[in-house]
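*Asks:* Take this sequence and fold it.
(2 chains)
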Protein chains: 2
Amino acid sequence: MILTVTLNTALDITYRVPSLAPHASHRVTDVAERPGGKGLNVARVLAALGHDTVVTGFAGGPCGAVLRDLLAPLPPVDALVPVAGRTRRTVAVVDAATGDTTQLNEPGPAITPEEWAAFLTTYAELLGGADAVALCGSLPPGIHVGAYAELIRRARAAGVPVLLDTSGEPLRRGIAARPDLVKPNADELARLTGSRDPLRAAHDARRRGAHTVVASLGPDGMLAAAPEGLWWAAPPATVRGNPTGAGDSAVAGLLSGLVEGLPWPQRLARAVALSAATVLAPAAGEFDVSTYEDLLPRVEVTTQATAA
Amino acid sequence: MILTVTLNTALDITYRVPSLAPHASHRVTDVAERPGGKGLNVARVLAALGHDTVVTGFAGGPCGAVLRDLLAPLPPVDALVPVAGRTRRTVAVVDAATGDTTQLNEPGPAITPEEWAAFLTTYAELLGGADAVALCGSLPPGIHVGAYAELIRRARAAGVPVLLDTSGEPLRRGIAARPDLVKPNADELARLTGSRDPLRAAHDARRRGAHTVVASLGPDGMLAAAPEGLWWAAPPATVRGNPTGAGDSAVAGLLSGLVEGLPWPQRLARAVALSAATVLAPAAGEFDVSTYEDLLPRVEVTTQATAA
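*Replies:* Numbers count the residues shown, from 1 in each chain, chains lettered A, B, ... in the order given. Next comes the predicted model:
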C-alpha cells in the first residue's frame, strides 16, 4: 500500500464561464467538484496505475463532508482525520474563450494541537502497512512549520521510504530531516537554494539532506540527482494544455517506480509521460491512460556524465 | 407577517483577494458566507425594520444545508421547501486594491414537477397568514416561465397584496397577471417596454397590468407610477459604494410601507433611504440603521403634474 498525506485537503471546484471579465457579473455554465489537495491527486493517479493507496490528512465542515462523499466511490481508501475547522475550497475559473484558468484558493482550517496529535496516531498506524509515503502540499494554519520534518523522521524510523512535495519553509525544514526524495519544481528549487541553474540547485538540495532530488522543469522535463547518478528526461515534444496536476502525476510516477523497484531511467520516463498526459487531458488534473501509454516509450532519458 | 418567495436561493460567498488578475493564482484572504437570493435579502431588511417575516422557496444539497444553518439564528422564519437538487453558490470576488467586485453565479438546481407542487401547497398555507408577499429573483431550471404569474394569481385570489421583483420573460408574464407592485430597475424596464424614458416606460408597464410601478434608477433615486399619482424620490446626495442588495432593500422599504399603510411619498422615501444606506454599508448587501435614519428625512420627494 502507498500512503499519501494531504494536511491541507480542498474541495476543488471548477467553473466554466464564456469569458472572464474582471468587475463584471458572470453566469457559470458548468460546475465540477472533486476531492482535492496534492496528496489526493497523487493517490488517484497511483490507483489508476494499479497501486493500493490510502489517503490521510484532515477533513472537516460542510466542504470536508462533500469531499469525503466524492472520495467514497473512488479507489483510494479514505483515512482522513476529522477536524472541527472547515476544509477549504479552491475555485478554478476557466475562461472558455481562451482556455486560461484563474485560481482562487481559500485558506485552510486551523488545526488544533489535539487534532495534530490524533493525526500522528493515525499516521503511525498507517505507516505500519505502507510501502512508501508521500507528503504533499501546503500546511494549514496551526500546524508548525517543522511538521513535515517530524513526519519524515517517523517514516524513516518505521523504515518507510518517504517523498516530500512542498515548498517554502516547510520544504527547507523537511529536507533537513533527510527524506528519500523531494520533487521541487524550478521555482521551488530556486527559492530553496538561490540558484536558477537546476543542476547546481539539485546538488545543493542534496547537500541539504535530500537523498535524491527530482526537479520538474515544466516543458523541459525532469532532472534526477540521485546517489546512483544523474538523469535527464524530456517529453517527446512540447505539450500544450493545462499544467494543473502535472506535478502530482509526476509524484505518482516516481513513487510507483520506487515501490516497483524500477531503475531510475524508467521511473523518470514514467513520471514525465504521466505529467505530459495530465497536461494534455481535457479535464484539469486528470490523465488519459492511452495518451500516457503512447508517450511512455517516446520519453528520452539521458544520463549526464557529471554525476555527483 | 410578510412573506418573501425566493425560488432560486443561493449560498452567497464573498472572497477578498489583494488584487484580482485574470489567469493568475490568488490566495483568498477572507471568506464570508451568507444565505442569499433576493427574497432572503428582502426578508432580512424587513426583519431589521421590525416586521415578522417568513421566507419560502427551495433549498437542497450541501449548500442548501449550509444556507439553512446560517438562516436558523436570524429573525426570518425558514419555510423553505427541500429539493433533491443542489442549491447554487454565488461567488463575489472583491479586489481589495480597487474595491471592485467580480461576480460568479452558479446555475440553480432543476426543480421537478413534484417539488413545484409541494411548493404550491406550502405557498397556499403561508398566504393564509400573510399581510403581503414579495416574489423575488430569477427562476431555477425546471420552473415554467409563467410561474410568477401563477403565484400572483393565487395571492390575489387570497386577497394578499403582491410585489414582483424579477426580470426578462418572467417579469413580462408576471405583469400580465396584475401584481399590485413591480420594482424594475432602469435596464429591466427598458427591456420590458423598449423605452429608456423611465416615465414613459413606467406608464407602459402599468398598461401591461402592473397596478403600480416603482422604477429604481440607481443614483437618480426612484419613480413611482401609481393610480394615486406620480412621485419622484431622490437621495440627498450621490452615494458611492457597493450597489449589491440596494434593490432588495428598496423592495423591503416599499413592502413595509404598504403593510403599514404609509402614503406614497413616505414609502418612496423609506425605499430610497434604505437603498442608499445599503450602498454605503461596508459589507455588501447589509445596511446600517443609523445611516438609514440619518438619510430618511433628507430624501426629497416631488410629485409630478403629469400623473396618469
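*Asks:* Show me what the helix or strand that contains residue A:135 is packed against.
*Replies:* Element membership for residue A:135 (DSSP states H and E) is strand A:132-136. Counting contacts by 3 or more Cβ pairs under 8 Å, 6 or more residues apart in numbering or on different chains; DSSP states H and E, strand A:132-136 packs against strand A:2-6, helix A:38-48, helix A:147-157, strand A:162-165, helix A:246-259. For glycine as for every other residue, the C-beta is placed from the backbone atoms N, C-alpha and C.
*Asks:* what angle sits between the first one and helix A:38-48?
*Replies:* With axes from the mean of the first three to the mean of the last three Cα atoms, to 10 degrees applied, the angle from strand A:2-6 to helix A:38-48 works out at 160 degrees.
*Asks:* how about the strands in the stretch 201-308 of chain A?
*Replies:* A:212-216, A:222-226, A:229-234, A:300-303 (DSSP state E, counting those that start in this stretch).
*Asks:* For residue B:186, find the nearest of the ones you listed.
*Replies:* In terms of Cβ to Cβ, the element of the strands of the stretch 201-308 of chain A nearest to residue B:186 is strand A:212-216, at 53.6 Å.
*Asks:* Could you give the separation of that closest one from the chain centroid?
*Replies:* From the chain centre to the centre of strand A:212-216 is a distance of 13 Å (Cα atoms, centre = their mean, to the nearest Å).
*Asks:* How about the contacts made by the residue nearest to residue A:78 when sequence neighbours are not counted?
*Replies:* Computed as Cβ to Cβ, 6 or more residues apart in numbering or on different chains, the closest residue to residue A:78 that is not its neighbour in sequence is residue A:71, at 5.1 Å. The neighbours of residue A:71, taking Cβ atoms under 8 Å, 6 or more residues apart in numbering or on different chains as the test, are A:35, A:40, A:55, A:78, A:80.
*Asks:* What distance do you get for the spatially most central residue of chain A to chain B?
*Replies:* The centroid of chain A falls nearest to residue A:248 when counting by Cα atoms, centre = their mean (3.5 Å). For residue A:248, the distance to chain B (Cβ to the nearest Cβ, to the nearest Å) stands at 15 Å.
*Asks:* Surely that residue and residue A:41 touch.
*Replies:* Yes - between residue A:248 and residue A:41 there is a contact under Cβ atoms under 8 Å: 3.7 Å.
*Asks:* what sits in contact with each of these two?
*Replies:* What both residue A:248 and residue A:41 touch, as defined by Cβ under 8 Å, 6+ apart, is the set residue A:285.
*Asks:* So which of the contacts of residue A:71 is surrounded by the most neighbours?
*Replies:* residue A:55 (31 neighbours; other Cβ atoms under 10 Å in any protein chain shown).
*Asks:* Just the pLDDT at that one, thanks.
*Replies:* pLDDT recorded at residue A:55 is 98.
*Asks:* Okay, and the beta partners of it?
*Replies:* residue A:4, residue A:78 (DSSP bridges).
*Asks:* Kindly provide the distance from it to chain B.
*Replies:* 20 Å.
*Asks:* again with residue A:203
*Replies:* 29 Å.
*Asks:* what does chain A have sitting close to chain B?
*Replies:* Applying Cβ under 8 Å from any Cβ of the partner chain, we find that chain A lies next to chain B at A:15, A:17, A:20-29, A:31, A:62-63, A:65-66, A:91, A:93, A:95, A:98, A:100-107.
*Asks:* quick check, distance from stretch A:130-148 to the centre of its chain.
*Replies:* For stretch A:130-148, the distance to the chain centre is 11 Å (Cα atoms, centre = their mean).
*Asks:* Can you convert the helices and strands packed on strand A:132-136 into a markdown table and add a column each for distance to residue A:173 and mean pLDDT?
*Replies:* Formatted as a markdown table, these follow (distance: least, Cβ to Cβ, whole Å; pLDDT from 0 to 100):
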| stretch | distance to residue A:173 | mean pLDDT |
| --- | --- | --- |
| strand A:2-6 | 15 | 98 |
| helix A:38-48 | 18 | 96 |
| helix A:147-157 | 5 | 98 |
| strand A:162-165 | 10 | 98 |
| helix A:246-259 | 19 | 96 |
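*Asks:* Residue B:304: which of the ones you listed is closest?
*Replies:* Nearest to residue B:304, of the helices and strands packed on strand A:132-136 and by Cβ to Cβ, is helix A:38-48 at 63.5 Å.
*Asks:* mind listing what the residue nearest to residue A:283 when sequence neighbours are not counted touches?
*Replies:* Leaving aside its sequence neighbours, residue A:283 sits nearest to residue A:32 (Cβ to Cβ, 6+ apart; 7.7 Å). For residue A:32, the contacting residues are A:13-14, A:283, by Cβ under 8 Å, 6+ apart.
*Asks:* Which of the residues you listed sits closest to chain B?
*Replies:* Closest approach to chain B among those (Cβ to the nearest Cβ): residue A:13, at 8.2 Å.
*Asks:* pretty sure the closest one is touching residue A:90, no?
*Replies:* Yes - between residue A:13 and residue A:90 there is a contact under Cβ under 8 Å: 6.8 Å.
*Asks:* Which one's more surrounded, those two?
*Replies:* Using other Cβ under 10 Å, the more surrounded residue of residue A:13 and residue A:90 is residue A:13, with 22 against 17.
*Asks:* need the contact list for the residue lying closest to the more buried one once chain neighbours are set aside.
*Replies:* Excluding the flanking residues, the one nearest residue A:13 by Cβ to Cβ, 6+ apart is residue A:91, at 4.9 Å. Contacts for residue A:91 were tallied using Cβ under 8 Å, 6+ apart; they are A:13-15, A:103-105, B:15, B:91, B:104.
*Asks:* Show the buried residues in those.
*Replies:* For the contacts of residue A:91, a burial check counting by 16 or more other Cβ atoms under 10 Å in any protein chain shown picks out A:13-15, A:104-105, B:15, B:91, B:104.
*Asks:* ok, which pair from these is furthest apart?
*Replies:* For the buried ones among the contacts of residue A:91, and using Cβ to Cβ, no pair is farther apart than A:14 and B:15, which are 15.7 Å apart.
*Asks:* what's the residue of the stretch 151-300 of chain A found nearest chain B sitting at in phi/psi?
*Replies:* Closest to chain B within the stretch 151-300 of chain A is residue A:244: 10.1 Å, counting by Cβ to the nearest Cβ. Note on residue A:244: backbone dihedrals following degrees, to the nearest 10 are phi -50, psi 130.
*Asks:* low pLDDT regions in the stretch 151-300 of chain A?
*Replies:* A:284 (pLDDT under 70).
*Asks:* from the contacts of residue A:71, which is closest to residue B:222?
*Replies:* residue A:35 (48.2 Å).
*Asks:* what about that closest one, which helix or strand?
*Replies:* Assigned by DSSP H and E, residue A:35 falls in strand A:30-36.
*Asks:* Send over that strand as PDB, restricted to the C-alpha atoms.
*Replies:* Provided in PDB are the C-alpha atoms of strand A:30-36 (Å, rounded to 0.1, in the frame of the first residue of the first chain):
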ATOM      1  CA  ASP A  30     -20.600  24.400 -15.900                       C
ATOM      2  CA  VAL A  31     -19.700  23.400 -12.300                       C
ATOM      3  CA  ALA A  32     -17.500  20.500 -11.400                       C
ATOM      4  CA  GLU A  33     -16.300  19.400  -7.900                       C
ATOM      5  CA  ARG A  34     -13.700  16.900  -6.900                       C
ATOM      6  CA  PRO A  35     -11.700  15.900  -3.900                       C
ATOM      7  CA  GLY A  36      -8.500  18.000  -4.000                       C
END
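*Asks:* quick one: it to chain centroid distance?
*Replies:* The answer for strand A:30-36 is 18 Å, by Cα atoms, centre = their mean.
*Asks:* neighbouring strands for it, and are they parallel or not?
*Replies:* strand A:10-17 (antiparallel).
*Asks:* Throw the buried ones among the contacts of residue A:91 into CSV and include pLDDT and distance to residue A:303, thanks.
*Replies:* Shown next, in CSV, are those (pLDDT from 0 to 100; distance: Cβ to Cβ, whole Å):
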residue, pLDDT, distance to residue A:303
A:13, 95, 43
A:14, 93, 40
A:15, 96, 44
A:104, 97, 42
A:105, 96, 38
B:15, 96, 48
B:91, 96, 49
B:104, 97, 49
